[in-house]
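Undergrad: have a look; sequence and predicted model below, questions after that.
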Amino acid sequence: MIVEYLEWDSIFFGIDVYRSKCKSAVKANEIQLNKGLTYLFCEEAVTLLEKSLFDVKVTFTKILTQRKTEIDPKIISYPLGNKVSKELLYLTYQSGQYSRFKIDPKIPNDKFLEFYKLWILNSVNRSFSDEVFTYKIDGIDVGMVTLKKDKKVCKIGLLAVDKDQRGAKIGSKLMLAVEKWALDNGCSEISVETQESNKIAVTFYKKIQYNIVQKEYIYHLWE
């Protein structure tokens, strides 16, 4: 089993961090751990590692078709160079509430917050993302989504709607903006990942006709 050393994660968390993948439960239980933290990505659940399971990642996709789409004028492209608003940062933290970096008790909460803050900062400056849309009400960011083009696939990084604004179809409106941007930029497919435990997100993607194409079990193995 190949084990890859992750330099950025190691520097960020202050410990040696590794990544490994396995196709079967048998192979997973044979892994030789290095000192530190190993992210183990498996195609099936591993019974003996049950207590180390911190994410069941579900990937949804949708094949795009050309159609005329009206975009809500409250949706804007977050200006390149603008500082991250406190509302946008709060939305970012909300988007990560089911993240393995939030759930794993051995990862300090301040590291989770720093991780997601770096994510949105690098999205707004367009290092991690090609586009960032926000949904504004009275000048306040109450919804957001980040996008990255990878060949013909538009990948969603972060997506969140403020918990006090849910039920107003803001998420659906943002996804329409995503689909239009994807088509305008030569993409034929949209891909988005979420956690199986995030029932609201899973139900939402199914409702707007996204299909599950992959499920991955992610373990944090500490040594």
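TA: Here it is on my side, so go on.
Undergrad: next, the residue nearest to Lys163 when sequence neighbours are not counted: secondary structure please.
TA: Of all residues not flanking Lys163 in the chain, Gln94 sits nearest, at 6.5 Å (Cβ to Cβ, 6 or more residues apart in numbering). Placement of C-beta: from N, CA and C, glycine included. At Gln94 the chain is in helix, as set by DSSP: H, G, I helix; E, B strand; the rest coil.
Undergrad: could you list every residue that touches Gln94?
TA: Contacts for Gln94 (Cβ atoms under 8 Å, 6 or more residues apart in numbering) come out as Ala160, Asp162, Lys163.
Undergrad: give me the number of residues near the first one?
TA: Put plainly, it is Ala160. Counted with other Cβ atoms under 10 Å, residues neighbouring Ala160 total 25.
Undergrad: what packs against the host helix or strand of it?
TA: Here Ala160 sits within strand 153-161, counting by DSSP states H and E. Counting contacts by 3 or more Cβ pairs under 8 Å, 6 or more residues apart in numbering; DSSP states H and E, strand 153-161 packs against helix 86-95, helix 109-124, strand 140-150, helix 170-184, strand 189-195.
Undergrad: strands paired with the third one, and their directions?
TA: Next to strand 140-150 in the sheet, as set by DSSP bridges, lie strand 131-137 (antiparallel), strand 153-161 (antiparallel).
Undergrad: in the shortest one, what counts as buried?
TA: Neighbour-count burial for strand 131-137, with 16 or more other Cβ atoms under 10 Å as criterion, is recorded at Glu131, Val132, Phe133, Thr134, Tyr135, Lys136.
Undergrad: out of the residues you listed, which two sit at the greatest distance?
TA: Glu131 and Lys136 (15.8 Å; Cβ to Cβ).
Undergrad: distance check, Lys169 against Leu183.
TA: Lys169 is 21 Å from Leu183, where distance means Cβ to Cβ, to the nearest Å.
Undergrad: whoops, Leu118 was the one
TA: Using Cβ to Cβ, Leu118 is found at 30 Å from Leu183.
Undergrad: just Leu49 next, same as before
TA: Leu49 is 41 Å from Leu183, by Cβ to Cβ.
Undergrad: now the strand holding Ala160: buried residues?
TA: Those would be Cys154, Lys155, Ile156, Gly157, Leu158, Leu159, Ala160, Val161, for strand 153-161 by 16+ other Cβ under 10 Å.
Undergrad: what does stretch 64-71 give?
TA: Leu64.
Undergrad: contacts for it next, please.
TA: Stretch 64-71 is contacted by residues Lys173, Leu176, Ala177, Glu179, Lys180, Ala182, Leu183, Cys187, Ser188, Glu189, Ile190 when judged by Cβ under 8 Å, 6+ apart.
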